[in-house]
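>>> Sequence and predicted structure are below.
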Amino acid sequence: MKRACRYKKILDRLPTALAIVLFAGAMEVVGRYDFSLFLPRFSTIMRTLWNLVMVGPLWEAILRSVDSFVMGVTPAAVGGILAGLVLGRYPLIAAVFDPFIGFIMSAPLPTFVPVLIVLFGVGRVVVLLTVFLFAFFIILVNTRAGVEGTRRSLVDMARSYGASEVQVLAKVYLPSALPSIATGLRLGIINGFKGLIIAEMMLGLGGLGRLLAQYANVYLISHLYAVVLTVMGMALVGAYVVQALDGLFIRWK
């Protein structure tokens, strides 16, 4: 049984692996025909990536970006889950904040970065706040949806056994909302990473975003693609980590 499950997991990942192989092969073929300066060979990109890892600034940029990302997304995750629980549980409070949440969710979030720069100056705090904004509201909305979808019969049963309000939130609403929370975390992490790169590119204070802007400005195309592959790989790893946590959440529920 365990072996069959292992084979199933491998088969589930085959389409992703095949897509990556096809993408790499297509870039290699196109690059060999020199159709454009902006389409280098995949092998050239990988050699550049290796050089950046071994002797270039890539490791320092990765560490700086990861540090900023963790510092921004952690309070977004905790705050988003707590706020989602409260808004989902208490409709009157939700009615007060709904217009503000709707405005933020409908507005293009990159437009808030210049506002943050005006308010806080050109500094790392703007990067952290950008990551927070990109992740917080998605986590909040998904958590709230999970809480609102809790079956009323479960709440009534907990009440009949004398559960307090805190116990109802912790032992009924929270477990019921776990699948939605996991979805919100997955989307929030991906969106927060987008915010990180956008802020770093606009501010130029370091990290992968600054490298992207720097290499694009001087037309170091293979370097640019190498950093893009790094960003994509980090986002993919983050998505898989949250997907694994998703399974743990469902099992705990």
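Yep, that arrived. Residues are numbered from 1 along each chain as shown.

>>> where does the protein dip in pLDDT?
Applying pLDDT under 70 to the chain picks out residues 1-16, 27, 31, 34-37, 246-253.

>>> residue boundaries of the helices in it?
Taking DSSP state H as the test, the helices found in the chain are 2-32, 42-54, 58-89, 91-106, 112-120, 124-148, 152-160, 165-168, 174-203, 208-217, 221-252.

>>> among those, which is the most enclosed?
The highest mean neighbour count among the helices of the chain, using mean count of other C-beta atoms under 10 Å, belongs to helix 124-148: a mean of 24. No exception for glycine: its C-beta is placed from N, CA and C like everyone else's.

>>> Identify the residues contacting stretch 53-70?
Identification of contacts with stretch 53-70 by C-beta atoms under 8 Å, 6 or more residues apart in numbering yields 49, 52, 124, 127-128, 131, 192-193, 196-197, 200, 206-211, 226-227, 230, 234.

>>> If we use 6 Å, what do you get?
Stretch 53-70 is touched from outside by 52, 127, 131, 196, 206-208, 211, with contacts defined as C-beta atoms under 6 Å, 6 or more residues apart in numbering.

>>> For residue 165, see how far away residue 235 is.
To residue 165, residue 235 is 39 Å away according to C-beta to C-beta, to the nearest Å.

>>> contacting residues for residue 122?
residue 203.

>>> And it, how far from residue 204?
For residue 122, the distance to residue 204 - C-beta to C-beta - is 9 Å.

>>> before we move on, what about residue 190?
For residue 190 relative to residue 204 (C-beta to C-beta), the value is 23 Å.

>>> Distance to residue 84 added to the contacts of stretch 53-70, as JSON lines?
Shown next, in JSON lines, are those (distance: C-beta to C-beta, whole Å):
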{"residue": "52", "distance to residue 84": "40"}
{"residue": "127", "distance to residue 84": "24"}
{"residue": "131", "distance to residue 84": "18"}
{"residue": "196", "distance to residue 84": "22"}
{"residue": "206", "distance to residue 84": "32"}
{"residue": "207", "distance to residue 84": "29"}
{"residue": "208", "distance to residue 84": "30"}
{"residue": "211", "distance to residue 84": "35"}
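
>>> Tell me which two of those sit farthest apart.
For the contacts of stretch 53-70, the maximum inter-member distance is 23.6 Å, found between 52 and 131 (C-beta to C-beta).

>>> ok, back up a step: looking at the contacts of stretch 53-70, which is nearest residue 101?
residue 131 (18.3 Å).

>>> dump the residue contacts of the residue nearest to that closest one when sequence neighbours are not counted.
With sequence-adjacent residues excluded and distances taken as C-beta to C-beta, 6 or more residues apart in numbering, residue 131 is closest to residue 72, at 2.8 Å. Residues in contact with residue 72 (C-beta under 6 Å, 6+ apart) are 128, 131-132.

>>> So residue 72 versus residue 135, what's the distance?
Remark: distance between residue 72 and residue 135 (C-beta to C-beta) = 7 Å.

>>> and what of residue 161?
36 Å.

>>> Likewise for residue 100?
17 Å.
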